[in-house]
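Engineer: I'll drop the sequence and a predicted model, then ask my questions.
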Number of protein chains: 2
Amino acid sequence: MTEDDLSNLPTPSAVIDLERLDANIDAMARCVDALGVALRPHVKTHKSLEVAHRVAARSGCRSITVSTLEELKTFVAGGFDDVMYAVGIVPAKLDAVAAAMAAGARVSVILDSAQAAEMVAARGRAMGVDFAVCLELDTDGHRAGIGAGDPLLLTCADLLQDGGAHLAGVMTHAGESYNCTSIEAIRAMAEQERSLTVEAAQRLRAAGHTCAIVSVGSTPTATFARHLEGVTEARVGVYVFQDLVMAGLGVCRPEDVAMTVLTSVIGHQSARNWIITDAGWMALSGDRGTGGQAADQGYGMVADLDGRILDDLIVIAANQEHGIIADRRGRAVDAAAFPIGTRLRILPNHACATAAPYDAYHVVEGRKVSATWAKSRGW
Amino acid sequence: MTEDDLSNLPTPSAVIDLERLDANIDAMARCVDALGVALRPHVKTHKSLEVAHRVAARSGCRSITVSTLEELKTFVAGGFDDVMYAVGIVPAKLDAVAAAMAAGARVSVILDSAQAAEMVAARGRAMGVDFAVCLELDTDGHRAGIGAGDPLLLTCADLLQDGGAHLAGVMTHAGESYNCTSIEAIRAMAEQERSLTVEAAQRLRAAGHTCAIVSVGSTPTATFARHLEGVTEARVGVYVFQDLVMAGLGVCRPEDVAMTVLTSVIGHQSARNWIITDAGWMALSGDRGTGGQAADQGYGMVADLDGRILDDLIVIAANQEHGIIADRRGRAVDAAAFPIGTRLRILPNHACATAAPYDAYHVVEGRKVSATWAKSRGW
């Protein structure tokens, strides 16, 4: 055990397995390359400049997607100059967008209403800024967005014509793909996401609008799409780390999960066959995304210090700073195999949620901690 | 609308209503005073020195409870010199405990196994430090702890006698009180928590051990306990903010919830009667603690900018940076009443989880932002 051994880190800590990270980055780069679209990875999963630069270098992409003004500011300051801020814009956030543009970045914002289009255009005119706007499409009934066939699409585009703002393109996120129960269903969702987005772009172009960006994306749909004809870019986020929800969808294997939480055994309840750890929902997140899947992983699967999955152990319950590990089938657990202080690694249900509270990732190659990568947080 | 008006804050933000905070602090101070025990409030809920100092000043208490080394360090540096670190200790964390002791604080750690007792005593001897240890009791089958009648109790106490560590007392947390479905059930849980803890203390004393601290606590059991005879202190955390889980238990009313998340309306799906906001699970937490209660509040109840609860509106779904507000009974919502940019305040299911990601609280008196209080995070 040397100074830079994984077993010397404080717990709980967020750990990235570099080999798995690179494999995930490369697999998606090949995937979107084969689909013939550009990659605009979402940084909300990792919020780390080091991860983003690594993705850019290995994938040959320059653009990114962000979900907060904090990400916008951090990643523009960190050298990314082509950014989509992919959460519906409100006027109060346009100063920060303009500041990123003034710092040299090409930034697009998104909206899905005439009211927002009017507000952005008016604010842009008042500020002397020409905001690039993508219209958000609803392709799966999941959340926000304009229907591809809704007349509102053209209304919004028209409202972006009077200076202050201009139409940059269309975008969607088929978040409903997370709820698919088969790869065929994901493929169908990918085609629905693609075809409706392309249809919207065609309608806008037919009406005389320029629609340069045709942007779709989610890790499941990008992974399984048969083709992305008419699409210009894919926005994917969680694939860099992968997680148990993705494994449950068939997008990856649990063995591909690159980000885990290092935890210490702090006690046992031997009569109940429980191992108590210091990774509760604060460290793992309260995400129960595998709860609706065929294999419910509780609050996460358990691996040893080397990352080898201990098949039958999952985190069955989580309090703020306590996790309870047990056999998924309720069988006996040998407490003696996990003495107080034993380090374990927990695979997350949802990597975006689990990574959120940490200020840094400890990067490991095998057990060796080879780097510490800062990450950002908040808004 | 002035500079320091609530409506000028960025969204999402964590907001504390000062009047409600003070009322919650004072109500618990009266409660534990009537019970005749000391208050050792848990800072894990708010993680704010300002809140902790306010509690201390208004309640006349000096001691605190922490759940992470980060809290230990921050609150000792901030002037608190009597701290219980109430998560099972592991040897690797004792250096930080010793550092807090060297800084002048009286710190107790907790453990519930012979193995941990041996480890702590051995490490203390090696370090030349005498660690104060409370034995953790299991009084509700909820999590960690030694049974009050378990011979292990005396074994552990004996192991703490050889220098390096000493027995400071016993402690428990009846977390199962959160799952009670009536006030009578909480009262019964409070008595179970009290009686088993006092029984353990008596057994230790009968065996010749000093057991100065007899510590129990949870907000529900402290609120409803009929008496706490034999107990020396109550550890309570969430009461300062209260939340919808507490309201569901009858511990408070929704109107008492002092910490809310300020959010902006970013869109609508009028056909589905949805209002889309920028407070998703990152801003609200993924906690669904009211899901098992009589009134399921989704991801939170909705209030207007003045904190008035909009009775029928709840956050029915949350993505990372998006919340979806709808009527709890599925009735029509007038989108025109909530234009783009409208500010709303969301009452949290679980205040500890919701407060976690924020770096600061904006303190309001009415709509006026009168202070910004830093908070800590992480481990």
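Structural biologist: Yep, it's here.
Engineer: for chain A, what's the longest helix?
Structural biologist: Looking across chain A with DSSP state H, the single longest helix is helix A:183-206.
Engineer: near chain B at all, it?
Structural biologist: No. On the criterion CB under 8 Å from any CB of the partner chain, helix A:183-206 is out of touch with chain B, staying 15.5 Å away. Every C-beta, even on glycine, is put in place using the N, C-alpha and C of the backbone.
Engineer: strands paired with whichever helix or strand comes after that helix, and their directions?
Structural biologist: Next in sequence after helix A:183-206, counting helices and strands by DSSP states H and E, comes strand A:213-216. Strand pairing for strand A:213-216, using DSSP bridges, gives strand A:165-172 (parallel), strand A:233-234 (parallel).
Engineer: mind giving me JSON lines with the ones you listed and columns for mean neighbour count and mean pLDDT?
Structural biologist: Below are the strands paired with strand A:213-216 laid out as JSON lines (neighbours: other CB atoms under 10 Å in any protein chain shown; pLDDT from 0 to 100):
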{"stretch": "strand A:165-172", "mean neighbour count": "26", "mean pLDDT": "98"}
{"stretch": "strand A:233-234", "mean neighbour count": "25", "mean pLDDT": "98"}
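Engineer: okay, how far is it across stretch A:141-151, tip to tip?
Structural biologist: In terms of CA to CA, to the nearest Å, the two terminal residues of stretch A:141-151 are separated by 17 Å.
Engineer: Okay, domains of chain A per the record?
Structural biologist: Here the domain assignment for chain A is A:6-10+A:252-374, A:19-240, based on automatic domain parsing.
Engineer: Tabulate those in TSV, adding columns for distance to residue B:114.
Structural biologist: Formatted as TSV, those follow (distance: least, CB to CB, whole Å):
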stretch	distance to residue B:114
domain A:6-10+A:252-374	10
domain A:19-240	38
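Engineer: Name the residue of the stretch 1-150 of chain A that lies nearest to chain B.
Structural biologist: residue A:88 (3.6 Å; CB to the nearest CB).
Engineer: From chain B, how far off is the residue lying closest to residue A:23 once chain neighbours are set aside?
Structural biologist: Distances taken as CB to CB, 6 or more residues apart in numbering or on different chains put residue A:256 closest to residue A:23, at 6.9 Å, once the chain neighbours are dropped. Residue A:256 is 21 Å from chain B, where distance means CB to the nearest CB, to the nearest Å.
Engineer: doesn't residue A:242 make contact with residue A:256?
Structural biologist: Yes. With contact defined as CB atoms under 8 Å, residue A:256 reaches residue A:242; the gap is 4.8 Å.
Engineer: out of the two, which sits in the busier spot?
Structural biologist: Set residue A:256 next to residue A:242 and count neighbours by other CB atoms under 10 Å in any protein chain shown: residue A:242 wins out with 29 against 20.
Engineer: Remind me which helix or strand the closest residue to chain B within the stretch 251-379 of chain A belongs to.
Structural biologist: Per CB to the nearest CB, residue A:266 is where the stretch 251-379 of chain A lies closest to chain B, at 3.6 Å. Using DSSP H and E, residue A:266 sits within strand A:259-269.
Engineer: And that strand, what does it pack against?
Structural biologist: Contacts defined by 3 or more CB pairs under 8 Å, 6 or more residues apart in numbering or on different chains; DSSP states H and E place strand A:259-269 against strand A:13-17, strand A:274-277, helix A:281-284, strand A:343-347, helix A:351-355.
Engineer: Determine how far stretch A:129-146 lies from the middle of the whole chain.
Structural biologist: Stretch A:129-146 sits 18 Å away from the centroid of its parent chain (CA atoms, centre = their mean, to the nearest Å).
Engineer: before we move on, what about stretch A:50-61?
Structural biologist: With CA atoms, centre = their mean as the basis, the mean position of stretch A:50-61 lies at 15 Å from the chain mean.
Engineer: Buried residues in that stretch, which are they?
Structural biologist: Applying a neighbour-count criterion of 16 or more other CB atoms under 10 Å in any protein chain shown, one finds A:50, A:51, A:52, A:54, A:55, A:56, A:59, A:61 buried in stretch A:50-61.
Engineer: The first one falls within a helix, correct?
Structural biologist: In other words, residue A:50. Yes. Assigned with DSSP: H, G, I helix; E, B strand; the rest coil, residue A:50 falls within a helix.
Engineer: got a list of contacts for the helix or strand where residue A:96 lies?
Structural biologist: Applying DSSP H and E as the criterion places residue A:96 in helix A:94-102. For helix A:94-102, the surrounding residues in contact (CB atoms under 8 Å, 6 or more residues apart in numbering or on different chains) are A:69, A:72-73, A:76, A:83, A:85, A:89, A:107, A:109, A:120, A:123-124, A:127, A:129, A:131.
Engineer: swap the cut-off to 10 Å and go again
Structural biologist: Taking contacts as CB atoms under 10 Å, 6 or more residues apart in numbering or on different chains, the residues outside helix A:94-102 that touch it are A:66, A:68-70, A:72-73, A:75-77, A:80-81, A:83, A:85, A:89, A:105-109, A:119-120, A:123-124, A:126-132, A:165, B:10.
Engineer: Return the distance of residue A:203 relative to residue A:151.
Structural biologist: Distance, residue A:203 to residue A:151, by CB to CB, to the nearest Å: 10 Å.
Engineer: With residue A:86 instead?
Structural biologist: 24 Å.
Engineer: So for the two, which residue has more residues nearby?
Structural biologist: Just comparing residue A:86 and residue A:151: by other CB under 10 Å the higher neighbour count belongs to residue A:86, 24 against 10.
Engineer: my read: that one touches residue A:67, true?
Structural biologist: Yes. Look at residue A:86 against residue A:67 with CB atoms under 10 Å: they come within range, at 6.0 Å.
Engineer: shared neighbours of those two, anything?
Structural biologist: Common neighbours of residue A:86 and residue A:67 (CB under 10 Å, 6+ apart) are A:42, A:44, A:237, B:321.
Engineer: Need phi/psi at the nearest residue to the first one once chain neighbours are set aside.
Structural biologist: Across the structure, with CB to CB, 6+ apart as the measure, the residue nearest residue A:42 apart from its sequence neighbours is residue A:237 (3.2 Å). When quoted as degrees, to the nearest 10, the phi and psi of residue A:237 stand at phi -130, psi -60.
Engineer: so who does residue A:237 touch?
Structural biologist: So residue A:237 contacts A:41-46, A:64-65, A:67, A:86, A:173, A:217-219, A:351-352, B:320 (CB under 10 Å, 6+ apart).
Engineer: I'd like the next helix or strand past the helix holding residue A:96.
Structural biologist: Using DSSP H and E, the first helix or strand after helix A:94-102 is strand A:106-111.
Engineer: just to revisit the earlier point, including distance to chain B, mean neighbour count and mean pLDDT, could the helices and strands packed on strand A:259-269 go into JSON lines?
Structural biologist: As requested, the helices and strands packed on strand A:259-269 are exported to JSON lines (distance: least, CB to the nearest CB, whole Å; neighbours: other CB atoms under 10 Å in any protein chain shown; pLDDT from 0 to 100):
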{"stretch": "strand A:13-17", "distance to chain B": "8", "mean neighbour count": "23", "mean pLDDT": "98"}
{"stretch": "strand A:274-277", "distance to chain B": "5", "mean neighbour count": "26", "mean pLDDT": "98"}
{"stretch": "helix A:281-284", "distance to chain B": "6", "mean neighbour count": "27", "mean pLDDT": "98"}
{"stretch": "strand A:343-347", "distance to chain B": "9", "mean neighbour count": "26", "mean pLDDT": "98"}
{"stretch": "helix A:351-355", "distance to chain B": "6", "mean neighbour count": "26", "mean pLDDT": "98"}
